[in-house]
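Visitor: how would this look folded up:
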Amino acid sequence: MADQEQLKINSSVQQNVSLAGRAEFVRLNINNGILYAVTHKSRFSGEECIMEYRMLGRSGVLVSPLCLGTMNFGGSTNEEDSFAIMQKAVEGGINFFDTANVYTKGESERITGKFLKENNLRERIVLATKVFSRVGELPNEGGGTRYHIIKACEDSLQRLQTDHIDLYQLHRPPLTHPQDETLRAFDDLIRAGKVRYIGCSTHPAWMVLEALSISEHYGLNRYISEQPPYNLLDRRIENELVPLCQKYGLAILPWSPLAMGILAGRYTQPGTFPEDSRAHLWDSSLVKARITQRGIEVGRAVSKMAQERGFTASQFSLLWTKDQPGVTAPIIGPRTLAHLEDALGIMDKTLNEADRPLFDELVHPGTAVADFHNSNDWMKARIIS
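Guide: Predicted coordinates:
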């Protein structure tokens, strides 16, 4: 990160605040929506460091430039290892956790909530979860209806051992009913004090704008974030979604910023999957279809660029996503402590502007060489090679 004197500061304010309960006296330098905590003291190690925090959309809430995703917790990552990952994340300055009610059949939420409660960290973490995906066999145990959302929220609160969710997100767009059904349910949860803010995930740009219009028309609480698939291999959100979010003040929280490990050099050819890779561990044709020859070739090129700059391939790819225009915090989903430690290495780094054209030469802005939108029903274009 650049020194304070090198920043082009628009304004500066001294505050006695607590960022995720970990920074005592900090100076917040407001620069184009990014706030830099100049002094930051680790709760676990006691060491001081410089930490960057970013605005979560228009909310004014400050979050770390990386968000800890907990999809693996309770599945390929057991509870003990999950606790170690969360502790290291907090120690490293992450104050933003993301989970979902469907992850490992609720175990991810349970483990996350247990860790926060046992370590008295709940009020120091911006906690996000999601609702939509089917969680049972009954007809109404899924979707964006009021019927499902209200019940799912109560279940998530119980598993998370908390009385409120900071960011409640609709996991996929509701294609079978009007959006006002969903937004009114979300608004009621906010007014009841069970949810602080709402967001959406993997929505087409037109539905995000429609949701904002509905909220404005009916005086409902509006979305403050969108969580799309975004990485160097699939840049299609740059065409419409990114400009929309920038104009209307929505945080962008990319999922799969490492392209499922392709950009970390995990795969050597399509159809051949390492035993500990997601493509091998998950019995999903959609996941396997994302691994393309061109994607693997781009990953190799990124790895070469990374080595020349003193990064790992995964660090350099994550740094690119973190510092793309409009991005608030990529969601990292470490399966091991080593994966997390690798990601933490770029928390205080900034992408060199001279490197951006090199990434653009590999994958042209707005295009894709691998299909990370294949888990939704609205994207018609498919990347097949």
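
Visitor: Val131 is in contact with Ala152, correct?
Guide: Yes. Between Ala152 and Val131 there is a contact under CB atoms under 8 Å: 4.5 Å. (Each C-beta comes from the backbone N, C-alpha and C, glycine too.)

Visitor: higher neighbour count, the two?
Guide: Between Ala152 and Val131, Val131 has the larger neighbour count (other CB atoms under 10 Å), namely 29 against 23.

Visitor: quick check: bridge partners of that one?
Guide: Applying DSSP bridges to Val131 yields these beta-bridge partners: Leu170.

Visitor: quick one, what contacts it?
Guide: Counting by CB atoms under 8 Å, 6 or more residues apart in numbering, Val131 makes contact with Ala100, Asn101, Gly144, His148, Ile149, Ala152, Cys153, Ser156, Tyr168, Gln169, Leu170, His171.

Visitor: which members of those residues are positioned in strands?
Guide: Tyr168, Gln169, Leu170 (DSSP state E).

Visitor: okay, strands next: where are they in the stretch 201-350 of the chain?
Guide: Here the stretch 201-350 of the chain has its strands, by DSSP state E, counting those that start in this stretch, at 223-227, 251-252, 331-332.

Visitor: tell me what the longest one is packed against?
Guide: Okay, so that is strand 223-227. Contacts defined by 3 or more CB pairs under 8 Å, 6 or more residues apart in numbering; DSSP states H and E place strand 223-227 against strand 165-170, strand 195-201, helix 205-218, strand 251-252.

Visitor: check the last one too.
Guide: Secondary-structure packing of strand 331-332 (3+ CB pairs under 8 Å, 6+ apart): strand 67-69, helix 337-344.

Visitor: tell me which stretches of the stretch 1-150 of the chain form strands.
Guide: Along the stretch 1-150 of the chain, the stretches classed as strands by DSSP E, counting those that start in this stretch are 11-16, 25-31, 34-41, 48-55, 62-63, 67-69, 96-98, 126-131.

Visitor: can you list contacts of the fifth one?
Guide: So that's strand 62-63. Here strand 62-63 has contacts from Leu19, Leu35, Tyr53, Arg54, Met55, Leu56, Asn95, Phe96, Val126, Ala251, Thr328, Ala329, using CB under 8 Å, 6+ apart.

Visitor: give me the pLDDT for the first one.
Guide: It refers to Leu19. Note for Leu19: predicted pLDDT of 39.
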